[in-house]
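Q: got a predicted structure here, sequence first:
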Amino acid sequence: MERIVDHFSLAQICQSGQCFRMNARGENRYALIAGSHYLEVEQQGGKSVFYCEEAEFEDFWTSYFDLETDYVSYMEKISPDDAYLRAAAEFGSGIRILRQDLWEMIVSFLISQQNNIVRIRRCIENICAGYGEKLTNARGEEYHGFPTPQALAELEEDALMACNLGYRSKYVVRAAGSVVRGECDLEALLTLSYPQAREELLKLFGVGGKVADCICLFGLHHLEAFPVDTHIRQALEKHYRQGFPVERYQGCQGVLQQYIFYYELAGAGGAAAKR
DNA sequence: CGCCAGGGGAGCT
DNA sequence: AGCTCCCCTGGC
């Protein structure tokens, strides 16, 4: 079963740093794991071809990739005078804010601090391979689900150093313990507003403002979260000396953050252009 | 070998 | 709010 999707680029989504369980499978083809789901997508020009069953597409991937949201309407909110933001949005027009699993996002962004995307991806693959459930895709190949809080909570705090997490190992193990003991209630977090959820997440050891915002944006789909990291900070200093017009973009700042982040990393004026 | 950066955070004042 | 110190790897 194949499904064609427009205005969508898995490569851009991957490089925008919101999703780490993805890798290339040949030219323009990518494999992605979400929860216990496995998907292959092929980029064909402006179109993406999804290889999955109809039911799985309707019941899972449509929501996961936020396919029913019209991202053009976000782009149209951008000020005509803001050439930088328009260029960034145009450059990253295949990006969507995924609806990823909350626990996966907590762990992923604990690992992300003082880390780069390539190594974050490797770290996550390591813990999945070591502690995630073994699964089999349609090709008969083995892959791994994401480790449960229970599986990680029983480890020694430095056990994940073997997975290349470094000092972040204890953050992940302690967070898993908080979830298992019920101090961090994942189900309850899903029902909270952005400010409430952010406040709760900040209670986790190793979670600061930036990581909490990433979790809110990618794990709870709070589009008003606007994570500010070193790249975003530099972009804001360069292009928004009077401050980013948050009031104009109320409710969709997170989408714009992704356009800016991807543009800075992969686009003109970004790291790729500086090399 | 040292230095530094990679999507920070905790613990101070 | 700002400052200092801390943590681990990989690249140069």
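A: That came through, no problem.
Q: hey, where'd the strands end up in the stretch 101-250 of chain A?
A: A:134-136, A:142-144 (DSSP state E, counting those that start in this stretch).
Q: quick one: the helices in the stretch 151-275 of chain A?
A: All helices of the stretch 151-275 of chain A, identified by DSSP state H, counting those that start in this stretch, fall at A:169-180, A:186-191, A:194-201, A:209-219, A:230-239, A:253-266, A:271-274.
Q: the strands of the stretch 101-250 of chain A: which one's closest to DNA strand B?
A: strand A:142-144 (22.7 Å; Cβ to the nearest atom of the strand). In this view, the C-beta of every residue, glycine as well, is placed from N, C-alpha and C.
Q: how about the residues of the stretch 51-200 of chain A near DNA strand C?
A: Those residues of the stretch 51-200 of chain A that sit near DNA strand C, judged by Cβ under 7 Å from any atom of the strand, are A:114, A:119, A:161, A:164, A:166, A:167.
Q: wait, the fourth one touches residue A:121, no?
A: By that I understand residue A:164. No - counting by Cβ atoms under 8 Å, residue A:121 is not a contact partner of residue A:164; they are 10.9 Å apart.
Q: looking at those two, which has the bigger crowd around it?
A: residue A:121 (20 against 16; other Cβ atoms under 10 Å).
Q: now that one. Nearest residue, chain neighbours left out?
A: residue A:20 (4.6 Å; Cβ to Cβ, 6 or more residues apart in numbering).
Q: just say helix, strand or coil for the one you found.
A: coil (DSSP: H, G, I helix; E, B strand; the rest coil).
Q: and it, what is it in contact with?
A: A:108, A:117, A:120, A:121, A:124 (Cβ atoms under 8 Å, 6 or more residues apart in numbering).
Q: quick check: buried residues in stretch A:120-133?
A: A:120, A:121, A:123, A:124, A:125, A:126, A:127, A:128, A:130, A:131, A:132 (16 or more other Cβ atoms under 10 Å).
Q: so which of those is the closest to DNA strand B?
A: For these, the nearest to DNA strand B is residue A:120 (6.8 Å; Cβ to the nearest atom of the strand).
Q: quick one: the closest one and residue A:107 touch, right?
A: No - contact criterion Cβ under 8 Å: residue A:120 and residue A:107 do not qualify, at 10.6 Å.
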